[in-house]
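S.K.: here are the coordinates; sequence isn't available:
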């Protein structure tokens, strides 16, 4: 692998997760992102109560993301080989945390209460 291209990354992720699961996760991420953008446009403001609840779910998302990668790659924390591996795992945890926060905020806004008009909310 002389170059890191977009096609190479897709091939690596398909190899790790399997073609079906990878594309299912990509489609889910796209749908959740579209839902989040819809909620932001619809409400025209961020609900700080919903945002706080979404932030409280971030550690769960971080742990689940790291757990999923460890299960799919059949590895353990003892397999970490150096600083680069730790940085990659921290990146996976950060992306999982942000993804969980976006998911929770979107679900709470779409399924939860009515549209908020109070700015202090």
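M.R.: Ah, there it is. Predicted, not measured: the structure shown is a model, and the values here were computed from it.
S.K.: contact partners for the residue nearest the centre of the chain?
M.R.: In the chain, the C-alpha closest to the average C-alpha coordinate belongs to residue 99, at a distance of 2.4 Å (Cα atoms, centre = their mean). Contacts for residue 99 (Cβ atoms under 8 Å, 6 or more residues apart in numbering) come out as 29, 32, 61, 65. (Glycine included, C-beta is placed from N, CA and C.)
S.K.: so the second one makes contact with residue 103?
M.R.: Yes. In this structure residue 32 lies within contact range of residue 103 using Cβ atoms under 8 Å: 5.5 Å.
S.K.: more crowded one of these two?
M.R.: Taking other Cβ atoms under 10 Å, residue 32 and residue 103 do not tie; residue 103 has more neighbours (19 against 16).
S.K.: look up which helix or strand residue 88 falls in, please.
M.R.: Residue 88 is located in helix 83-111, with elements delineated by DSSP states H and E.
S.K.: got the buried residues for that helix?
M.R.: 89, 92-93, 96-97, 99-109 (16 or more other Cβ atoms under 10 Å).
S.K.: farthest-apart pair in these, please.
M.R.: Using Cβ to Cβ, the buried residues of helix 83-111 reach their maximum pairwise distance at 89 and 109, which is 30.5 Å.
S.K.: returning to that earlier point: and the pLDDT for the residue nearest to the centre of the chain?
M.R.: pLDDT, residue 99: 95.
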